[in-house]
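Participant: Sequence first, predicted coordinates after that:
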Amino acid sequence: MHHQPHPIAPDQVLTAAQMRDAEQRLMDAGTDVHTLMQRAGRGAAEWVWRIASGAPVTVLCGPGNNGGDGYVIAETLRERGFPVQLVAALPPATDAAKRAASLYSGPVVDAAEAKGTVLVDCLFGSGLNREVTGVLRDMLHELSARHHRRIAIDLPSGVATDSGELLIDELPHYDLCIALGAWKPAHVLMPAMAHWRQARLVDIGCDTEPGGARLIGRPSIAAPAADAHKYRRGLVAMVAGPMAGAALLASRSAALGGSGYVKLLAQEPLSGAPADLVVLRAPGAMTLPQALSDDRIAAVLCGPGLGRDHQARERMEAALNCGHPLVLDADALTLLQLADRADRTDRTGPLVLTPHEGEMAALEKSFGLSGKGTKPCRALCLAQSAGAVVIAKGADTLVASPGGALAYAPPSPSWLSVAGTGDVLAGLTASRLAVTGDPFRAATEAVWLHAEAARRTGADFTAAMLAESVRDAMCAAL
Ligand SMILES: NC(=O)C1=CN([C@@H]2O[C@H](COP(=O)(O)OP(=O)(O)OC[C@H]3O[C@@H](n4cnc5c(N)ncnc54)[C@H](O)[C@@H]3O)[C@@H](O)[C@H]2O)[C@@H](O)CC1
Ligand SMILES: Nc1ncnc2c1ncn2[C@@H]1O[C@H](COP(=O)(O)OP(=O)(O)O)[C@@H](O)[C@H]1O
Ligand SMILES: [K+]
């Protein structure tokens, strides 16, 4: 089927090459680079104008089209009567940048003389292809230190667009990063995204192919059907191990995440379970495989509090072989390496893996993957090898599917960096999987709800408090 290109949506994330293609498409249709640069520069100037509010601005320009944007920004501010000066770190080298430079009629000063309140960094954008060193690095550092506020155009100069890696020592911190045309992976990947307080997108009117990576947005969660009952809403079976706390946390968020019924399959007698949680000993009256053979189960969660001994391994294998949609987290991810290769790869039902960085590396090893490349590429590779949707967690969580779908979490509260929040996410993922039956959708909904629950919990919380806030997050998505 042939899909028409469409305007870049505000939730699309384009690599540097995809952005270049989008720009080229526009130029093939008759728009010249100059027009595009005017749109980008004038759009960015609106933000600079608001932030500077009359204070003197210094624009630092590099040799490429990012520098070209800088000349347009400087000229736009000058036309509006703003105090502006420009530092040309290197002379403009592209035709569009040369033309933009020729249209700038304000002062050009040496870096040593530049004094202002706001620095606009247009040294390098998506064309950065090597480390920023020597005079250029020193110039960026000194100017950054001398200005109270810093704005990065497209990206801070020293960030690799597709990986978010830093290609400079001590990248300065920015008040604002203005993405041009589309969000790029570096806008939602660490370590880059820790270097600005806010990010904004300026549309420059490019089209792109349908599909591609997206930002995870607020899901639309429907109320249960009028004739719903607890099984039809989704039964989650939580396979617990010896550490009851993690299993209880996951069960709580599974219960609040929309499923109709959560059954905790306990390995040992459990104290402190809430009254509304059904706890079944397995093995007890039945073995774990028997308990998991209930065909009303809509999703199984295994991992939180599982442990790593031989019993844990047996429980993980029972979950792997039960045939129900499955979420594997925490210890189950580590144990997965020990499972038979056939058990790991021959499953047909939906599977979601939720590794943090350490678990991701262990999984890559067990699937014979190199672990090299950008985080999104690594997650896509693992998803394909494991036949699983992968939630690659961290401060820059993303979701990858075996078919190549990719979704980035928008910046989430760093208060999530406390023990047990991963258990809450795993419970939410199982809950959404039980409700929707779609592993990619379940994973993205869970990631959004998890971050929203964190926002609603406020500052300095525990995982148990986070689990309770899942209720508020659900309300926000109804
Ligand atoms: N292509 C287009 O049509 C548009 C591009 N735009 C802007 O153009 C930017 C991309 O422009 P370019 O592709 O020209 O790239 P850049 O302006 O990011 O820089 C590329 C130039 O810097 C040099 N360079 C790269 N890394 C270096 C390093 N570490 N040390 C010294 N020199 C280095 C390269 O050799 C090249 O001359 C975007 O980020 C965006 O700001 C916008 O103006 C919109 C239109
Ligand atoms: N700095 C951070 N910013 C945003 N989210 C974070 C940050 N650090 C951790 N998280 C999130 O918190 C959760 C931690 O999960 P995990 O590492 O499995 O911890 P645990 O096993 O203790 O539950 C993940 O969802 C992760 O994405
Ligand atoms: K820049």
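Facilitator: Okay, I see it. Ligands and ions are numbered 1, 2, ... in the order given.
Participant: Does T35 lie in a helix or a strand, and which?
Facilitator: Assessed by DSSP states H and E, T35 sits inside helix 33-52.
Participant: Quick check: next helix or strand after that helix?
Facilitator: Past helix 33-52, the next helix or strand by DSSP H and E is strand 57-61.
Participant: Could I get the average pLDDT for that next one?
Facilitator: Averaging pLDDT along strand 57-61 yields 98.
Participant: How about the residues of the protein by ligand 3?
Facilitator: Counting by C-beta under 5 Å from the ion, the chain comes close to ligand 3 at D121, G125, I153, S157. Where C-beta positions appear, they are placed from N, C-alpha and C, glycine not excepted.
Participant: ok, which of the residues you listed also contact ligand 1?
Facilitator: G125, I153 (C-beta under 6 Å from any ligand atom).
Participant: In the residues of the chain next to ligand 3, which residue is surrounded by the most others?
Facilitator: In terms of neighbours by other C-beta atoms under 10 Å, those top out with I153 at 33 neighbours.
Participant: Could you say whether V279 sits in a helix, a strand or coil?
Facilitator: strand (DSSP: H, G, I helix; E, B strand; the rest coil).
Participant: Number the residues from 57 up from this point.
Facilitator: Taking 57 as the first residue, the last one we looked at is V335.
Participant: Could I get the buried residue list for the helix or strand harbouring A152?
Facilitator: With secondary structure defined by DSSP H and E, A152 is part of helix 151-158. Residues A152, A153, K154, R155, A156, A157 are the ones in helix 151-158 that count as buried (16 or more other C-beta atoms under 10 Å).
Participant: The third one touches P148, doesn't it?
Facilitator: Think K154. Yes: counting by C-beta atoms under 8 Å, K154 touches P148, with 4.7 Å between them.
Participant: Got phi/psi on I207?
Facilitator: phi -130, psi 130 (degrees, to the nearest 10).
Participant: number of nearby residues for it?
Facilitator: 26.
Participant: Tell me the spacing between it and ligand 1.
Facilitator: 13 Å (C-beta to the nearest ligand atom, to the nearest Å).
Participant: picking that back up, in strands, which of the residues of the chain next to ligand 3 fall?
Facilitator: Using DSSP state E, D177, I209 are the members of the residues of the chain next to ligand 3 that sit in strands.
Participant: Name the residue most distant from the centre of the protein?
Facilitator: Within the chain, A341 marks the point farthest from the mean C-alpha position, 43.6 Å out by C-alpha atoms, centre = their mean.
Participant: Which strand or helix spans that residue?
Facilitator: Using DSSP H and E, A341 falls outside every helix and strand.
Participant: Can you confirm whether stretch 290-309 lies near ligand 2?
Facilitator: No: using C-beta under 6 Å from any ligand atom, stretch 290-309 never reaches ligand 2; the gap is at least 7.5 Å.
Participant: In that stretch, which residues are buried?
Facilitator: So for stretch 290-309, counting by 16+ other C-beta under 10 Å, buried means 290-297, 299-300, 302-309.
Participant: can you check stretch 466-482 too?
Facilitator: P466, P467, S468, P469, L472, G476, T477, G478, D479, V480, L481, A482.
Participant: The helix holding A152 near ligand 1 anywhere?
Facilitator: No: using C-beta under 6 Å from any ligand atom, we find that helix 151-158 stays clear of ligand 1, coming within 6.8 Å at best.
Participant: Please list the outside residues in contact with that helix.
Facilitator: Contacts of helix 151-158 with the rest of the structure, by C-beta atoms under 8 Å, 6 or more residues apart in numbering, involve 89-90, 92-93, 97, 117, 119-121, 123-125, 127-128, 131, 144, 148.
Participant: and the spatially closest residue to A461 that is not a sequence neighbour, what element?
Facilitator: Among residues not flanking A461 along the chain, F496 sits closest, at 5.7 Å (C-beta to C-beta, 6 or more residues apart in numbering). According to DSSP H and E, F496 maps onto helix 495-513.
Participant: and the residue nearest to A461, how far is that from ligand 1?
Facilitator: Relative to ligand 1, and taking C-beta to the nearest ligand atom, F496 is found at 30 Å.
Participant: my guess is that residue contacts L454, does it?
Facilitator: No: here F496 does not reach L454: they are 11.9 Å apart, not a contact under C-beta under 8 Å.
Participant: can you pull out the strands in the stretch 407-534 of the chain?
Facilitator: 407-409, 445-448, 454-456, 462-464 (DSSP state E, counting those that start in this stretch).
Participant: quick one, what contacts L489?
Facilitator: A354, A355, P381, V383, P406, V408, P495, A498.
Participant: and what of D88?
Facilitator: Neighbours of D88 in contact, by C-beta under 8 Å, 6+ apart: none.
Participant: And for R136, the neighbour number?
Facilitator: Around R136 there are 11 residues (other C-beta under 10 Å).
Participant: how about the nearest residue to it, chain neighbours excluded?
Facilitator: W105 (6.7 Å).
Participant: From E131, how far off is the one you found?
Facilitator: Separation of W105 from E131 (C-beta to C-beta, to the nearest Å): 13 Å.
Participant: So those two - more neighbours on which side?
Facilitator: Set W105 next to E131 and count neighbours by other C-beta under 10 Å: E131 wins out with 23 against 16.
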